[in-house]
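>>> Mind folding the following:
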Amino acid sequence: MQRGVNAPVLVLNNKTQRNQGRKAQLDNITASLAVADIIRTTLGPRAMLKMVLDPMGGIVLTNDGNCILREIDCHHPSAKSIIAISRTQDEEVGDGTTSVIILAGEMMKVATPFMARNMHPTVICTAYMHALTDAVDYMKEIAREIDLEDQEAIMEIVRSSIATKFTSRWGDLICALAIKCVRTVAKTLEDGSVEIDTKKYARIEKMPGGMVDDCRVLDGIVLWKDVTHPKMRRRIENPRIMMLDCGLEYRKGESQTNIEMKNERDFERYLQIEEDAIREICDNIIALTPDIVLCEKGCSDLAQHFLVEAGISVIRRNKKWEMTRLARAVGGILCNRPALMSESDIGTRCGLFEVRKVGDEYFSFFDQCENPKACSVILRGAGKDILQEVERNLMDAMNVVRNIFKDPKVLPGGGATEMAVATHLRQKANTVQGQMAFPYKAVADGLEVIPRTLCQNCGADTIRIMTQLRASHAEGNIFMGIDGEKGTLADVESELNLWEPFVVKESSIKTSMEAACMLLRIDDIVSGVTSAELENYLAGK
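The predicted structure follows:
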């Protein structure tokens with residue numbers, strides 16, 4: 001008799017936790033639904049706000065899906081993957097972060113019955129991918145192109161995005177700020193493409209106090225700085241601006257400097273050399289007759305003295321990205337040595353330089369710039385929490401405008417697009433052969449979660465409204481959607497005039513479907529040793 005033939009072979013550590021097969025798949029589905037349920041009530045114009053305490057003790061008040069999930073400390077690996085797609089959506093298109101999480105959770109949920117019937121996950125994922133391809137093709141068919149010169153049409157699209165946010169009561173103001181900001185930053189490259197980098201060249205400055213109605217986009221840049229000397233000019237019209245990424249002081253030794261002095265005259269000579277070096281730098285600056293000098297590093301007292309006598313104002317210790325934006329706005333070039341600079345390196349497109357006091361802080365305004373390709377947005381409001389939420393909403397609006405400029409196609413909002421795609425997929429499911437037809441049709445049921453959630457969040461009779469909406473789309477009325485304010489059916493084309501960018505809808509459906517397919521194909525979850533055990537092992541204990 002052979003012994004040990006059927007004995008289990010232990011490959012993993014005894015302390016390792018492992019979920020396999022059906023249990024692992026159901027755990028992933030449960031975790032995805034748990035994440036989706038957190039932010040389900042933040043969708044639509046009647047959305048609820050969430051109050052989240054961050055690790056530093058601060059308070060975040062928002063209904064932005066990505067912002068809420070970013071502050072949540074999550075340990076489940078599948079839940080982390082779902083949260084990551086919200087961040088991806090925010091970075092790629094800047095809007096639809098709540099929709100993508102709700103869609104991903106629902107796509108996992110509708111796959112549960114097929115898992116219970118032992119349908120292979122690969123079959124489900126293949127059906128999902130076929131449905132995704134057909135859905136995107138159909139959305140391209142019903143999409144409309146808009147004229148980028150039509151300001152009112154763009155305003156309507158941005159207004160649709162802002163309607164679900166905290167700042168909806170100031171909708172037109174936020175829309176105007178976003179459109180002006182993107183138009184300012186937009187730059188046509190040599191190959192004909194349009195570069196719109198709002199993160200790099202559009203800076204939002206939050207200044208507590210005042211009213212939200214006081215928000216505006218500057219035709220230039222504002223810096224949180226003051227001039228270095230009280231006698232320097234604080235208001236200059238049509239200034240000549242010089243930008244340096246060096247310091248206005250003598251060069252110090254990199255690590256260690258030894259100087260041998262034999263008598264007191266050597267020390268005086270050493271001080272004289274320092275003064276001559278600073279005087280030479282200042283003489284090179286004065287030769288180009290600038291009105292303002294900005295440098296990245298320090299400015300010594302002696303340099304300030306020489307420049308004040310020449311009537312030049314100095315702003316020191318500016319950050320590199322501030323100088324890059326300023327150079328783009330005023331037309332100058334950021335240089336390293338004043339001796340190598342010429343007239344063409346001086347920025348001359350600024351109309352007014354002024355130091356103003358806002359609240360308790362001093363700000364340097366470079367305003368009235370001629371054709372600036374960088375700008376600052378001044379946000380005013382009652383408190384810090386309100387300003388942070390206004391900033392998040394404005395960033396979403398700017399991303400929507402950027403998407404429209406890059407791809408001027410729009411789709412009907414209010415859940416009409418999702419319902420139209422769901423109706424199309426149900427009809428197409430009759431042509432799908434084999435067992436793939438069932439998960440293919442389930443995608444259509446999953447897409448209905450968006451209009452259904454809009455109904456639930458405004459307190460409507462969900463079953464009645466969804467039945468009427470389904471019947472309306474079956475008759476071919478693809479523009480019938482949900483009025484998120486009243487909880488009734490409405491034509492989003494003629495009544496609500498509710499449109500959303502094509503790239504946002506496309507990215508939401510693609511990202512959510514691909515994330516669901518990835519998680520459904522997991523059949524084994526292995527959690528290794530804890531961090532404490534790993535540290536002990538590496539330390540040799």
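>>> alpha carbons only for contacts and neighbour counts from here, please
Will do.
>>> quick one: Ala382 from Asp64, how far?
20 Å (Cα to Cα, to the nearest Å).
>>> brain fart, Asn477
Distance of Asn477 to Asp64, given as Cα to Cα: 31 Å.
>>> Neighbour count: Ala382 and Asp64, which is higher?
The residue with more neighbours, out of Ala382 and Asp64, is Asp64; 24 against 13, by other Cα atoms under 10 Å.
>>> quick one, phi/psi of the more buried one?
phi -80, psi 120 (degrees, to the nearest 10).
>>> Verify the contact between it and Gly96 for me.
No - with contacts counted by Cα atoms under 8 Å, Asp64 stays clear of Gly96, the gap being 9.2 Å.
>>> quick one, helices of the stretch 151-300 of the chain?
151-162, 171-185, 198-201, 264-287 (DSSP state H, counting those that start in this stretch).
>>> Least reliable of these by average pLDDT, please.
Sorting the helices of the stretch 151-300 of the chain by mean pLDDT places helix 151-162 lowest, at a mean of 83.
>>> Name the residues of that one that are buried.
Under the neighbour-count criterion of 16 or more other Cα atoms under 10 Å, helix 151-162 has 154-162 buried.
>>> Columns distance to Ile259 on top of these, output as a markdown table?
Putting the buried residues of helix 151-162 into a markdown table (distance: Cα to Cα, whole Å) gives the following:
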| residue | distance to Ile259 |
| --- | --- |
| Ile154 | 67 |
| Met155 | 67 |
| Glu156 | 70 |
| Ile157 | 68 |
| Val158 | 65 |
| Arg159 | 68 |
| Ser160 | 69 |
| Ser161 | 66 |
| Ile162 | 65 |
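>>> Pick out the most distant pair among those.
Ile154 and Ile162 (12.5 Å; Cα to Cα).
>>> where do the contact lists of the two overlap?
Common contact partners of Ile154 and Ile162 (Cα atoms under 8 Å, 6 or more residues apart in numbering): none.
>>> closest to Ala36 out of the helices of the stretch 151-300 of the chain?
Nearest of these (Cα to Cα): helix 151-162, 20.3 Å.
>>> where does this protein dip in pLDDT?
By pLDDT under 70, the low-scoring segments of the chain are 1-20, 253-254, 525-541.
>>> isn't Ile278 right next to Glu249, touching?
Yes - in terms of Cα under 8 Å, Ile278 counts as a neighbour of Glu249; the distance is 5.9 Å.
>>> Which parts of the stretch 301-450 of the chain are strands?
313-315, 352-358, 361-367, 375-381, 409-412 (DSSP state E, counting those that start in this stretch).
>>> elements contacting the third one?
To tie it back to what came earlier, the one meant is strand 361-367. strand 221-223, strand 352-358 (3 or more Cα pairs under 8 Å, 6 or more residues apart in numbering; DSSP states H and E).
>>> One more: the last one?
Using 3+ Cα pairs under 8 Å, 6+ apart as the contact criterion, the neighbours of strand 409-412 among helices and strands are strand 144-145, strand 499-501, helix 502-520.
>>> most tightly surrounded among those?
Among the helices and strands packed on strand 409-412, strand 499-501 has the highest mean neighbour count (mean count of other Cα atoms under 10 Å), at a mean of 26.
>>> what's the spacing between that strand and its chain's center?
The chain centroid and the centroid of strand 499-501 are separated by 18 Å under Cα atoms, centre = their mean, to the nearest Å.
>>> Alright, I will stop here.
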